[in-house]
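Asks: Okay, predicted coordinates and the sequence, questions at the end:
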Amino acid sequence: MDFRHTEDQLLLAETVRDYLAGTHGPEVLRRLDAGEKRDPTIWQGLVDMGLTSLLLPDAEGGMGVGLVDAALIAAECGRACLAEPLVDTAFVTVPWLLSCGDTDALAKFASGERRIPQAHKINPYWADGAGLDGAISIDPLRLLYSNPDHAVDDPHLLNLGALMSAAQLVGLADAMLVQAVEYAKIRTQFGQPIGAFQAVKHQLASCAVAIEFSKPVVWRAAAAMQDGMDSAPQHVSHAKIAATDAAILTAETAIQVHGAMGYTYEVDLHYWMKRSWALAGAWGSRTYHMKRVDDAVFGDAHAIGPEQTFA
Amino acid sequence: MHLQYTPEQRAFRAEVRAWMETNVPKEPLVTLECREGYDLHVEWERTLASGNWGMVTWPKEFGGRGLDLIQWLIFEEEYFRAGGPNRANQNGIFLLGPTIMEFGTDEQKARFLPPMAKGEVIWAQAWSEPGAGSDMAAISSKAIKDGDHYVITGQKTWSSRAAFADWGFGMFRTDPESKRHKGLTFILFDLNSAGITRRPIRQLHGETGFAELFFDDVRVPIENCLAGEGEGWSVAMATAGFERGLMLRSPGRFQATAKRLVELYRTHRAEAPPAAREAVSLAWMAAQAYAYNTYAVAAKIMAGGKIGAEASLNKIFWSELDLSMHRTAMQLLGAEAELKRFDNGRLNQWLEGYIFSLSGPIYAGSNEVQRNITAERLLGLPRVGVG
């Protein structure tokens, strides 16, 4: 029993975090937003780092790592508000194809040649559809297409998608909290930084609490998926709800702390906030996931109680 | 991330379960906050000690079993699964005990820890004073050295367990000229010492669990001082860290409450407000999240890490979870919520628990203070206007 990431996992996540911080900062989001929305050099950089083939076995050119590692990296993609469809391809479609044994398609995803993820029926609007026609998202960097005709209805794919959305949401929440804290340190009113006022501090502290207690739920769900536990779906739903609630609380608090600046397009916060709104509803709404938790709590399939923490 | 128990850990769970199933009282004990209930809870401490379950993580020489934190979590899960009573000696075993282990001399460890683990000496805390609650550095009670004794004068208040307990611990100003955090010393004292007057305070529920303590020239031997004279603040901060951090409220307690809440919903679903069902699920989710987080913290500590200001996140989370679970229970109970005993004669534990949960965001450092600590020490926001 050891509820910790390994040194290797943390090192890998840190490498991705540093890479994205260096190549995919807010100025890049603004440039993409003002221009073509996608930049092939960003995607190629992710491919070159080995991220598109991360979950492939060693023998097939991957790193042979599992969903726990992938969830950590998905959180980093959230932190950077990555616009490219890396998570839904490499960490959702690829492990699903692995479970299906579709090696032909796998190779194309691993090489980065294919970048449109496998669609699922739970999602009426689908990202990433760069170059296709579709609905318009409030998230300017999320390129949708509607009602994809190749959508499947496999619960395993849904669980992978919901898990990786949850992981991105905790990263998004972390980033929004940092932005709000940094703004509260420099914005001065009544002769002091607004972050010195307890009314501001306490709201930000509540976000820190929500984020702190959503992360282990996400890692626990990733481990349950990786280990193929029967109870994995309930853990995924728990993770999706906990991460969504933490991200939405932090988004709303961050805009409040930014005041009128938070209501502008020029402050970067809105990119993270809009991605959070989108992921909150993607891969199963809160209602959908709440129903699955309800089944776990009130149904007979799984025992609950203090001795059932890791059941 | 390895989330399976070893065969040894599973065997340990079975051992705890068997003992608890035999020994935990079948009916809930009367509240710890009255004479009758206090005596029953002390008796339970001694029963626990007879099975050598007083404080499983302590070294054997001090009356423990020398177990690690994962085994402690398993013990706690089984304790609450079996419906084990609240711990009369929690101020001792969870707060003072770890503090003595960190700061005490060998003599102090040998003298105070074994009777604590055995439930022979029950401890009260004496943190607050009428003018020093959240602002603990405003303490004004004095302990002035006179030969080989301190002479204590002053007043403490809201002292948990002090109405009935045997010994107490708290901070006193040993340097009368000192201000704020300096000049404070951490002292242990016999509550039956000459010059101590206890005035039990009637609490919200009508019982008298905590008390005011008046000190009139109380002579305490200097060997009862923990760590050095004037070092009280750093000792107290360590104690407070234990209180907010891992040990005081283990997850099993809240998972057991969440499970009882599910049962309560089942028996009251016909009249349950629509939002209550989701509230029950959210309670279960939060209790599970708290458990995962605790396992993560335990693993970190076992690998040599420490918990610092993160303890404040913990304290905010469990206290607000406990309150929200009991608030939901009161809604589900409807017209029965106000009853002290149900028509079948059983104690209304939900009402008792609800009243107790209202104190959670206050004791062990109010949640306002915890949010300040979180904002300033974890998030790095500026401190202004506090000395």
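Replies: Nice, thanks for sending it over.

Asks: longest helix in the chain, by residue count?
Replies: No chain specified, so I'll use chain A. If each helix of chain A is counted by residues according to DSSP state H, the longest one is helix A:155-186.

Asks: you looked at the wrong chain, it should be chain B
Replies: Longest helix in chain B, counting by DSSP H: helix B:274-302.

Asks: following the helix or strand hosting residue A:107, which helix or strand comes up?
Replies: Assigned by DSSP states H and E, residue A:107 belongs to helix A:103-110. Where DSSP H and E defines the elements, the next helix or strand beyond helix A:103-110 is strand A:125-127.

Asks: How about residues contacting that next one?
Replies: Strand A:125-127 is touched from outside by A:85, A:88, A:117, A:119, A:134-135, A:137, A:142-146, A:148, A:151, A:278, A:282, with contacts defined as CB atoms under 8 Å, 6 or more residues apart in numbering or on different chains. To be clear about C-beta, it is placed using only N, CA and C from the backbone, and glycine gets the same treatment.

Asks: Give me the mean pLDDT for it.
Replies: Averaged across strand A:125-127, the pLDDT comes to 86.

Asks: how about low-confidence regions in the chain?
Replies: Just going to use chain A. Scanning chain A with the threshold set as pLDDT under 70 gives A:130-131.

Asks: Let me rephrase: I mean chain B.
Replies: B:242-245, B:385-387.

Asks: can I see the domain layout of it?
Replies: B:7-88, B:123-232, B:245-378 (automatic domain parsing).

Asks: Make a markdown table out of the ones you listed and add mean neighbour count and distance to residue A:181.
Replies: Below are the domains of chain B laid out as a markdown table (neighbours: other CB atoms under 10 Å in any protein chain shown; distance: least, CB to CB, whole Å):
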| stretch | mean neighbour count | distance to residue A:181 |
| --- | --- | --- |
| domain B:7-88 | 18 | 31 |
| domain B:123-232 | 19 | 23 |
| domain B:245-378 | 19 | 8 |
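
Asks: what's the closest of the ones you listed to residue A:292?
Replies: domain B:245-378 (10.0 Å; CB to CB).

Asks: Got a PyMOL select line for the buried ones in the contacts of strand A:125-127?
Replies: Here is the PyMOL selection string for the buried members of the contacts of strand A:125-127, based on 16 or more other CB atoms under 10 Å in any protein chain shown:
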select buried, chain A and resi 85+88+117+119+137+142+143+144+145+148+151+278+282
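
Asks: For residue A:128, find the nearest of the domains of chain B.
Replies: Residue A:128 lies closest to domain B:245-378 among the domains of chain B, at 30.6 Å (CB to CB).

Asks: Centroid-wise, who is the farthest residue in chain A?
Replies: residue A:191 (38.6 Å; CA atoms, centre = their mean).

Asks: Flag every residue of the stretch 101-250 of chain A that's near chain B.
Replies: Counting by CB under 8 Å from any CB of the partner chain, the positions of the stretch 101-250 of chain A adjacent to chain B are A:177, A:181, A:184-185, A:192-193, A:195-196, A:198, A:200-202, A:204-206, A:208-209, A:212-214, A:216-217, A:219-220, A:222-224, A:227, A:238, A:241-242.

Asks: My read is that residue A:194 contacts residue A:257, right?
Replies: Yes: using CB atoms under 8 Å, residue A:194 makes contact with residue A:257 at a distance of 7.3 Å.

Asks: Overlap of the contact sets of these two?
Replies: What both residue A:194 and residue A:257 touch, as defined by CB under 8 Å, 6+ apart, is the set A:184, A:200.

Asks: Compare the two and say which is more crowded by neighbours.
Replies: residue A:257 (24 against 21; other CB atoms under 10 Å in any protein chain shown).

Asks: wait, doesn't the more buried one sit right on residue A:184?
Replies: Yes: counting by CB under 8 Å, residue A:257 touches residue A:184, with 5.5 Å between them.

Asks: Can you work out which residues contact both of those two?
Replies: In contact with both residue A:257 and residue A:184: A:194, A:200, A:204, using CB under 8 Å, 6+ apart.

Asks: Turn the residues you listed into TSV, columns for secondary structure.
Replies: Shown next, in TSV, are the shared contacts of residue A:257 and residue A:184 (DSSP: H, G, I helix; E, B strand; the rest coil):
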residue	secondary structure
A:194	helix
A:200	helix
A:204	helix
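
Asks: and of those residues, the nearest to chain B?
Replies: Closest approach to chain B among these (CB to the nearest CB): residue A:204, at 5.8 Å.

Asks: would you list every one of the helices in the chain?
Replies: Let's take chain A. Using DSSP H, helices in chain A cover A:7-23, A:26-34, A:40-48, A:67-79, A:86, A:94-100, A:103-110, A:155-186, A:198-226, A:232-258, A:269-281, A:286-298.

Asks: ah, I was thinking of chain B
Replies: B:7-23, B:35-50, B:69-81, B:90, B:97-103, B:106-117, B:232-244, B:251-268, B:274-302, B:310-333, B:349-359, B:367-373.
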